[in-house]
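**Student:** pasted the sequence and its predicted model underneath.
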Amino acid sequence: MRLRADLHTHTTASDGMQRPADNVEMAKARGLGAIAITDHDTVDGLAEALEAGERLGITVVPGVEISTVAEGRDIHILGYYINWDTAVWKTKLASLGDTRDQRNIMIIAKLCELGLPITMEEVMEAARAQGKDSGSIGRPHIAAVLVAKAYVSTMQEAFDRYLGEDGAAYANPPRLHPFEALEWIREAGGTSVIAHPGIYGNDVLVESIIKQGAKGIEVYHPDHSAEDEERYLKLASQYNLIVTGGSDFHGERQGVVFHGAMGSKTAPLDVLSQLNPSRR
């Protein structure tokens, strides 16, 4: 495992359950050689993670997972080795946070209309109870309130019935297009990778993002089947893409790890040199 890297993890900076330093410590304990911190639409956890990496002797890849929409579907684009600590980059991410806030308000309004009253204050309190002190608020925090108020029994039920794309309270305001996210990452000096393409159910759309300039594709992901992996390996070969993998680790809620356990899906450590523009 020292020659493996988990290139997709989340922390309390977005909707993960562990602080950035805790993720790094867990990666070291699991025997990984590197870990990427890829929080949703924020880089607030990177400074802490990078410091922990220096202290613990494990490589931390600075990353982000950008939320976009195309053809009515949520599409996520991973960015690696971006110049993350700049005013321009942080201003761009702040604009995504504004859209995320709007989405949360829309979802909460729909839940209230459905007879499931919750407030943004309750969502913020749920986030703080999970150790969150900065960064973005997302649907898992809303789901936690639904569970706490016994509207649903589990986080999964919250997404299946209300918060997922087929849920009764799902909302999707106008957001960044994947093509724009590719350009943002390029301008920030990073490398763009399509996250968990098997989730989207639209390989034509995935291929269009590749043709637009995505540099890599996340082949190995907990939500991918063996058939998915085979299909995306072929696509990577066809377009000469960087092949990545990661657990999409969010931590444990109600005894369930979302999406996968740390290190359950990985990529070879030498992929880092492909992802890092300065080392190509």
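**Tutor:** Sure, I can see it.

**Student:** can you give me the strands for the chain?
**Tutor:** For the chain, the strands defined by DSSP state E cover 4-6, 34-37, 59-70, 73-80, 191-194, 216-220, 242-245, 251-253, 256-258, 267-268.

**Student:** what bits of the stretch 1-150 of the chain have low per-residue confidence?
**Tutor:** Applying pLDDT under 70 to the stretch 1-150 of the chain flags residues 1, 132-135.

**Student:** would you map the helices across this structure?
**Tutor:** Under the criterion DSSP state H, helices of the chain are mapped to 20-29, 46-56, 87-113, 120-129, 139-148, 155-158, 178-187, 203-212, 226-239, 271-275.

**Student:** contacts for the first one, please.
**Tutor:** Surrounding helix 20-29, the residues in contact under the criterion CB atoms under 8 Å, 6 or more residues apart in numbering are 6, 9, 11-13, 16, 18, 34-35, 37, 45-46, 48-49, 51-53, 56-58, 60, 249, 262-263. For the C-beta atoms, the positions are set from N, CA and C on the backbone; glycine is no exception.

**Student:** circling back: same list (the helices of the chain) but as a markdown table, adding distance to E71 and mean neighbour count.
**Tutor:** Compiled in a markdown table, the helices of the chain are given as follows (distance: least, CB to CB, whole Å; neighbours: other CB atoms under 10 Å):
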| stretch | distance to E71 | mean neighbour count |
| --- | --- | --- |
| helix 20-29 | 33 | 22 |
| helix 46-56 | 31 | 18 |
| helix 87-113 | 17 | 16 |
| helix 120-129 | 28 | 16 |
| helix 139-148 | 20 | 22 |
| helix 155-158 | 25 | 19 |
| helix 178-187 | 10 | 20 |
| helix 203-212 | 6 | 16 |
| helix 226-239 | 18 | 14 |
| helix 271-275 | 27 | 19 |
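
**Student:** now tabulate those in a markdown table and tack on distance to L78.
**Tutor:** Putting the helices of the chain into a markdown table (distance: least, CB to CB, whole Å) gives the following:
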| stretch | distance to L78 |
| --- | --- |
| helix 20-29 | 16 |
| helix 46-56 | 14 |
| helix 87-113 | 14 |
| helix 120-129 | 23 |
| helix 139-148 | 18 |
| helix 155-158 | 23 |
| helix 178-187 | 9 |
| helix 203-212 | 12 |
| helix 226-239 | 14 |
| helix 271-275 | 10 |
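
**Student:** what's the closest of those to A168?
**Tutor:** Between A168 and the helices of the chain, the tightest spacing by CB to CB is seen for helix 87-113, at 7.2 Å.

**Student:** could you give the angle of that closest one to helix 139-148?
**Tutor:** Relative orientation of helix 87-113 with respect to helix 139-148: 30 degrees, computed using axes from the mean of the first three to the mean of the last three CA atoms, to 10 degrees.

**Student:** if you compare the strands of the chain, which one is most tucked away?
**Tutor:** Looking across the strands of the chain with neighbours counted as mean count of other CB atoms under 10 Å, the highest average goes to strand 34-37: a mean of 29.

**Student:** understood, closing this out.
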